[in-house]
Each structure stands twice: as structure tokens, then as C-alpha cells.
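S.K.: dropping a prediction and its sequence here:
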Amino acid sequence: NKWEAINFCKCICFQSNYSILPMVTPDNPSKPCLSCTKQWCLNQNLDICDGASLGDTDPDTATGMEGDVEARCFQRDSPRDQLVVTLFLLTVFGLLLSAGIKSRMVKAGMDPNLPWSAGRRWWEEWMPRRQSAEYNLRERNADRRPPDNRGEYREVSESLP
């Protein structure tokens, strides 16, 4: 199954030489690391472990560091690790993308300083707007002189045009 992680056993002999072996057929498939023992490493007949001894194997007095062999089990390419890395990369990519398009978002009416309910929505920027009476094209073309009432208030009529 591609979602199952691969388990490995690192057999260390004489505290300096080691070999990493895949746990292809563990004794208990639900707990494959229980098969990674000192005896399992010696049973693999590794060249680096020639002449190595187990040491004290009494579970009441042994500390696990006796003898010339040490066994460590680990998992590589677990689905959880892949998920963490994928989510991290997607988060970084999303942050970079949002930083890159921030100015375009402001132009589209999404001001980051305003609350969501206050500003224009992004889709409103592309909707056609109704021109105000001040910028009526017919009046502007007919009257080509510049307005002389800059800085003054204009009277607003109560009736609709």
C-alpha cells in the first residue's frame, strides 16, 4: 500500500559501524519495530557485525547498552511527514502569492486596512457603474468650457432628471 510507511532497522555494531536494513517481513506487521532487536541484527549476518556479542540479555538487569550491537527502528516517508511538508509548502506558497498580488487586490477594492463589511467587494470593481449627473457626456460635449465653480458647493435638485 502506498500510504504505509516503510520501517527500517539501523543495526550499529561496535559503536561505529552501522547498516540500515528495511523491515520487509516483520514478525508483527501491526508493530514492525518490535522485530528490530539486537538478535535480529545478528541474524542478518552482516559483515560489520562479525564477532559481535549480545551482552547481558536478562530483561531485569540489562540497560540496553550492553554488548557490541545496538538496534534502532525508524520510519521513513510516513504519510504524516508528507502531509506536514505539503501543508507547510502550500502555506508558504499562499503567503508569497498573497504578498505578490496585494497591490492588485487594493486596486480591486479589497483594502486590507478596512473591515470586510466596509469596503467594496472585488466583484463590484468590474460591474458597470452608473454615471453621475455631474459627468453626463451629453452636457459635457455641448459645453466645452471648463467649469468655473471649483471649490464651491453645487445646488442639488430635489426632483429626478
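M.R.: Cool, the structure landed.

S.K.: and residue 26, what is it in contact with?
M.R.: 7, 32, 33, 34, 35 (C-beta atoms under 8 Å, 6 or more residues apart in numbering). Glycine gets a C-beta too; all of them are placed from N, C-alpha and C.

S.K.: quick check, nearest of those residues to residue 103?
M.R.: residue 7 (49.7 Å; C-beta to C-beta).

S.K.: surely the closest one touches residue 32?
M.R.: Yes - using C-beta atoms under 8 Å, residue 7 is in contact with residue 32, at 4.3 Å.

S.K.: who touches both of these two?
M.R.: 23, 26, 73.

S.K.: quick one: secondary structure of residue 18?
M.R.: strand (DSSP: H, G, I helix; E, B strand; the rest coil).

S.K.: what's the neighbour count on the closest residue to it other than its chain neighbours?
M.R.: Distances taken as C-beta to C-beta, 6 or more residues apart in numbering place residue 12 nearest to residue 18, at 4.4 Å, with adjacent residues excluded. Number of residues near residue 12 (other C-beta atoms under 10 Å) recorded here: 20.

S.K.: tell me how many other residues crowd residue 71.
M.R.: Residue 71 has 19 nearby residues by other C-beta under 10 Å.

S.K.: meant to ask about residue 39
M.R.: Neighbours around residue 39, by other C-beta under 10 Å: 11.

S.K.: how far away is the residue nearest to it when sequence neighbours are not counted from residue 70?
M.R.: Nearest non-adjacent residue to residue 39, counting by C-beta to C-beta, 6+ apart: residue 54, 6.7 Å away. For residue 54, the distance to residue 70 (C-beta to C-beta, to the nearest Å) stands at 11 Å.

S.K.: which residues are common contacts for these two?
M.R.: residue 38.

S.K.: more neighbours, those two?
M.R.: residue 70 (18 against 15).

S.K.: for that one, give me its contacts.
M.R.: 11, 12, 13, 15, 38.

S.K.: report pLDDT for it.
M.R.: What the model reports for residue 70 is a pLDDT of 89.

S.K.: next: residue 110.
M.R.: 67.

S.K.: all strands for this structure, in order.
M.R.: Per DSSP state E, the chain has strands spanning 6-13, 17-22, 69-76. These are given in chain order.

S.K.: residues of the last one that come out buried?
M.R.: The neighbour-count criterion (16 or more other C-beta atoms under 10 Å) identifies 69, 70, 71, 73 as the buried residues of strand 69-76.

S.K.: low-confidence ranges in this structure?
M.R.: For the chain, the stretches with pLDDT under 70 are 1-3, 58-64, 109-112, 114-126, 130-151, 161.
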